[in-house]
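K.L.:
Any chance you could fold what I've pasted below:
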Amino acid sequence: MSNNLEVNIFGRTLNIKSQEENIEYLKELADFVDKSMNDIAQYYGEDKPRDIIAILACLNIADNLKLEIANSKAGSDTLQALKESIANRSRELIRLIDAVE
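P.N.:
Below you'll find the model as predicted:
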């Protein structure tokens, strides 16, 4: 059964369709992204456009991910599988957001 999950990220409310078992995980992800964007806005200034804040937050999250992978000595096959997994999940989340709006 799918549910609508309402999350707030950087002052914007989004409704995401989700399976019941994914709700808590999606809340954690939304909180993480919200905190990342707020940290970036605090550092660079809250007067920056929302899309710039979002791009900088994405770059910061990607940097942390790459450092974590490098520190754990993951092989290139693992990195590629992770990239594909992230891309697939991102497409699915975008589809779910679009389905609600």
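
K.L.:
which ones are touching the residue nearest in space to the middle of the chain?
P.N.:
In the chain, the centroid-proximal residue (CA atoms, centre = their mean) is residue 33; its distance is 5.2 Å. By CB atoms under 8 Å, 6 or more residues apart in numbering, residue 33 lies in contact with 9-10, 57, 61. C-beta coordinates here come from the backbone N, C-alpha and C atoms, glycine included.

K.L.:
Give me the buried entries from these.
P.N.:
Buried by 16 or more other CB atoms under 10 Å: 9-10, 57, out of these.

K.L.:
nearest to residue 21, of the residues you listed?
P.N.:
residue 9 (21.4 Å; CB to CB).

K.L.:
Identify each of the helices in this structure and give its residue range.
P.N.:
Counting by DSSP state H, the chain has these helices, from start to end: 23-44, 50-71, 76-100.

K.L.:
how about residue 48, phi and psi?
P.N.:
Main-chain dihedrals, residue 48, degrees, to the nearest 10: phi -70, psi 150.

K.L.:
pLDDT wise, what is it at?
P.N.:
pLDDT, residue 48: 89.

K.L.:
Kindly report the same for residue 75.
P.N.:
For residue 75, the pLDDT comes out at 65.

K.L.:
What residues does residue 78 make contact with?
P.N.:
Listed by CB under 8 Å, 6+ apart, the contact set of residue 78 reads residue 69.

K.L.:
what's the distance between residue 35 and residue 100?
P.N.:
Per CB to CB, to the nearest Å, residue 35 is found 23 Å from residue 100.

K.L.:
Out of the helices and strands in this structure, which is least certain?
P.N.:
Least confident element among the helices and strands of the chain, by mean pLDDT, DSSP states H and E: helix 76-100 (a mean of 81).

K.L.:
and it with helix 23-44, angle?
P.N.:
If you take axes from the mean of the first three to the mean of the last three CA atoms, to 10 degrees, helix 76-100 sits at 100 degrees to helix 23-44.

K.L.:
mind listing what's buried in helix 76-100?
P.N.:
Residues of helix 76-100 classed as buried by neighbour count (16+ other CB under 10 Å): 93, 96.

K.L.:
And the pLDDT for residue 28?
P.N.:
We have a pLDDT of 93 for residue 28.
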